[in-house]
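Novice: generate coordinates for the sequence data below:
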Amino acid sequence: MSRRLFASGAARLRERRGSAERLRGLSLSPIKDVELQASRLPGVVSLAQGIPSFDTPEPIKRFVAAKMAEGACARYSVSPGLPVLREAIAESLRREGMSYDPDGEILVTVGSIEAIAATLLATIDPGDEVLVVSPTYASYLPAIRLAGGVPRFVPLNEDANFDLDPDAIADAAGRRTRAILLCNPNNPTGTVFSRAQTLRMLAVAEQHDLLVITDEVYKDFVYGEQGIFSAAMHPAARERVVRVCSFSKAYGMTGWRVGFVHGTAERITDILTVHDALVTCAPVASQYAALAALESGDEFIDEFRAEFRRRRDHVIERLDALPHVFDYQKPNASYFVFPRVKDTVRWARDSRRLAAALLEQARVALVPGVAFGPTGEAHLRFCYARPAADIDTAFDRLDDYFAGRPARTAVQMPAGPAPDDVRVASPLRRAGIAALRRLARWRLARQRPRVVAITGSQGKTVMKRALQALLARRWQVRANPLSYNTGVGLPLAVLGVELQTRRPLRLAGGLARALWSALGDRRAVDVMVLELGVRQAGDMRAHLEIVQPDVVVVTPLASGYRDDHEALEVLRDEIATLCHAAAARGAAVLLCGDDPLLDALAAETPGAVRVALDEVTSDAAGTALHLDGSRWPVRHDTVGASSRCALAVTARVGRLLGMSDAEIAAFLAAE
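Specialist: Numbers count the residues shown, from 1 in each chain. Modelled structure (predicted):
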């Protein structure tokens with residue numbers, strides 16, 4: 001009898017195991033999944049998980065050891081956290097321009113993710129929507145779903161270095177929307193959201209009565225004189241902002257699992273109720289570590305920040321050497337960079353497959369961009385918190401992989417389908433491309449904008465962004481900074497249309513949008529900054545059938561071409577075609593960088609101007625552009641050869657198009 005009862009009870013238990021609906025659709029974090037896969041392969045270098053390479057500073061460890069020896073860590077603290085720690089947090093917040101009561105508006109948590117989960121559990125009901133910017137930290141999604149919420153992605157503005165897009169937030173907010181969750185500085189992009197867009201976002205939150213949950217765990221790693229503007233710093237938004245911080249990143253304390261959250265007393269009381277039910281209190285030893293960090297850790301933050309900035313600068317230099325593979329936005333904070341994979345790369349639009357190939361064949365672990373939201377697709381996340389030697393090893397292997405050289409630790413991969421770009425174009429596709437080119441020529445003839453054409457290899461995206469930032473101070477500018485303009489790309493850039501060109505089945509819809517752009521879009525464009533990309537011989541003549549540039553800019557040739565003499569020769573001949581055609585029409589030609597091939601091309605191109613990298617210098621007096629015997633102060637965060645070349649060229653192009661020296665100097669002096 002008892003055996004039958006036991007069997008019956010076990011069966012009922014098995015039936016109930018699937019009853020937790022909130023667990024459905026949850027899986028291991030894609031970041032942790034990459035690390036798990038990497039652990040199964042020998043010799044992998046990982047730039048995946050965001051773990052700082054630094055140990056917890058010794059003064060923090062000594063302080064905790066003394067507290068443990070006193071017996072101070074053996075018992076629970078009160079649920080909100082040690083009073084002395086909350087007072088120290090309140091003091092640090094006052095120094096940042098925020099005033100919060102340590103006795104009711106600050107709660108010490110088990111890291112930032114517990115703070116976020118507890119806030120969501122205390123705020124939303126099953127079925128409520130939470131807006132999540134995309135791309136953003138992958139672990140937010142399971143926290144929302146565990147609370148019964150429905151995450152809804154809102155794209156960031158990639159062309160503005162992934163800044164907030166308040167209009168998109170307003171469009172996404174609906175009847176069931178209760179909150180917006182964002183990371184500032186952003187993971188994975190390294191963006192610091194601008195003050196202007198943050199204030200606009202708060203106005204949208206006020207209009208739709210949304211709680212703003214701002215996760216600011218990377219606030220201490222901002223590279224530049226202008227720090228972060230937190231939504232919590234705006235007094236009018238105090239009632240609807242919950243700010244989450246952590247000690248993990250800034251002090252090398254990821255294993256201690258301690259953070260805090262602050263907000264109004266009413267909200268913190270609700271969050272405390274959930275926190276107490278989940279964990280009772282944060283580990284007391286970790287709370288004492290946090291106290292020591294606040295009291296003696298600032299010098300270590302400064303050291304860590306300086307080292308991360310050096311690593312960021314080096315990563316940018318390595319990315320500059322792979323311009324045929326990546327476009328990138330310069331990260332202004334955190335320790336991540338989130339480059340976009342160019343469409344000419346195999347599996348560019350399938351970041352999971354590309355990341356898997358890099359792991360298996362190159363033994364480099366990176367996180368696929370789609371893990372951070374739908375607009376993260378076609379990107380990869382690199383973490384440069386890892387040791388500098390690991391970063392160099394990883395990029396050496398990436399250089400080999402993308403150059404087609406044998407992997408150092410090769411693993412046989414199943415054969416995949418051929419890259420899309422080698423397929424034979426269908427008659428419909430050919431006809432569609434021909435129509436796009438005719439539309440682009442018609443648009444240029446109708447509007448007659450001045451055209452700045454950029455070609456070359458290294459730093460074209462950086463150049464486009466710098467030119468757009470300067471020229472937009474006076475004119476309406478179209479720059480399409482992320483486009484790689486070959487074939488279909490150039491007419492689309494002229495028309496201002498985005499099209500999934502690698503998916504022919506969608507070409508008809510794209511043609512309709514292009515036609516509407518050409519015929520119905522009456523917005524004036526004064527200047528177009530266009531990239532003239534090269535894949536094969538004849539590309540430049542095809543480009544010149546569409547556009548006749550007023551200014552030609554040739555960026556340096558990346559070292560990656562040195563091992564492919566045939567590709568280098570094609571690129572050189574195509575650049576020469578453009579330069580000679582431009583010079584014959586009286587257009588200006590600027591060649592940037594210290595490169596023998598470009599030196600020779602400058603010598604044979606009438607009127608061509610060589611732009612040397614050493615025209616932008618950095619010393620104790622600061623960064624400056626030296627032009628025509630004058631020293632122009634530069635406040636921009638200038639990193640790597642591409643940034644220096646971009647500033648020197650941008651100043652010259654501004655002059656060529658009619659901007660005054662005062663306008664250009666004001667641009668250079670602005671942060």
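Novice: now Tyr288. Nearest residue, chain neighbours left out?
Specialist: Lys67 (4.6 Å; CB to CB, 6 or more residues apart in numbering). Where C-beta positions appear, they are placed from N, C-alpha and C, glycine not excepted.
Novice: chain center to stretch 201-208, what's the gap?
Specialist: 24 Å (CA atoms, centre = their mean, to the nearest Å).
Novice: which outside residues touch stretch 286-303?
Specialist: If you take CB atoms under 8 Å, 6 or more residues apart in numbering as the criterion, stretch 286-303 is touched by 56-57, 59-61, 63-64, 67, 72-73, 77, 81-82, 84-85, 88-89, 91-92, 108, 220, 247, 250-253, 256-258, 260, 281.
Novice: so how do I select the buried members of the residues you listed in ChimeraX?
Specialist: Buried residues within the contacts of stretch 286-303, by 16 or more other CB atoms under 10 Å, are selected in ChimeraX with:
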select :56,57,60,63,64,67,73,77,81,82,85,88,89,92,108,220,247,250,251,252,253,256,257,258,260,281
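Novice: inside strands: which ones of the contacts of stretch 286-303?
Specialist: Secondary structure defined by DSSP state E assigns Val108, Phe260 of the contacts of stretch 286-303 to strands.
Novice: returning to what we had before: show me the contacts for the residue nearest to Tyr288.
Specialist: Listed by CB under 8 Å, 6+ apart, the contact partners of Lys67 are Cys73, Ala285, Tyr288.
Novice: got those as a markdown table, with distance to Arg473 and pLDDT columns?
Specialist: Shown next, in a markdown table, are the contacts of Lys67 (distance: CB to CB, whole Å; pLDDT from 0 to 100):
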| residue | distance to Arg473 | pLDDT |
| --- | --- | --- |
| Cys73 | 57 | 95 |
| Ala285 | 54 | 97 |
| Tyr288 | 52 | 97 |
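Novice: between these, which is closest to Gly538?
Specialist: Nearest to Gly538 out of the contacts of Lys67 is Ala285 (CB to CB; 67.9 Å).
Novice: and that closest one, how many residues sit next to it?
Specialist: 16 (other CB atoms under 10 Å).
Novice: so which elements touch the helix or strand encompassing Val130?
Specialist: Using DSSP states H and E, Val130 maps to strand 129-134. Here strand 129-134 touches helix 140-146, strand 150-155, strand 177-183, going by 3 or more CB pairs under 8 Å, 6 or more residues apart in numbering; DSSP states H and E.
Novice: I'd like to know which of these lies nearest to Leu439.
Specialist: Nearest of these (CB to CB): strand 150-155, 26.5 Å.
Novice: pull out the buried residues from the closest one.
Specialist: Going by 16+ other CB under 10 Å, strand 150-155 has these buried residues: Pro151, Arg152, Phe153, Val154, Pro155.
Novice: what's the first helix or strand after that strand?
Specialist: By DSSP H and E, the next helix or strand past strand 150-155 is helix 166-172.
Novice: over to the residue positioned nearest the centre of the chain: give its phi and psi.
Specialist: Most central in the chain under CA atoms, centre = their mean is Thr189, positioned 2.1 Å from the mean C-alpha point. In this entry, Thr189 is assigned phi and psi values of phi -90, psi -20 (degrees, to the nearest 10).
Novice: which ones are touching it?
Specialist: Thr189 neighbours (CB under 8 Å, 6+ apart): Pro135, Leu156, Asn161, Phe162, Gln329, Pro331, Phe336, Phe338.
Novice: measure it to Pro155 for me?
Specialist: For Thr189, the distance to Pro155 (CB to CB, to the nearest Å) stands at 12 Å.
Novice: pull the number of nearby residues for the residue lying closest to Ser194 once chain neighbours are set aside.
Specialist: Computed as CB to CB, 6+ apart, the closest residue to Ser194 that is not its neighbour in sequence is Asp163, at 5.5 Å. Burial of Asp163 is recorded as 19 neighbouring residues (other CB under 10 Å).
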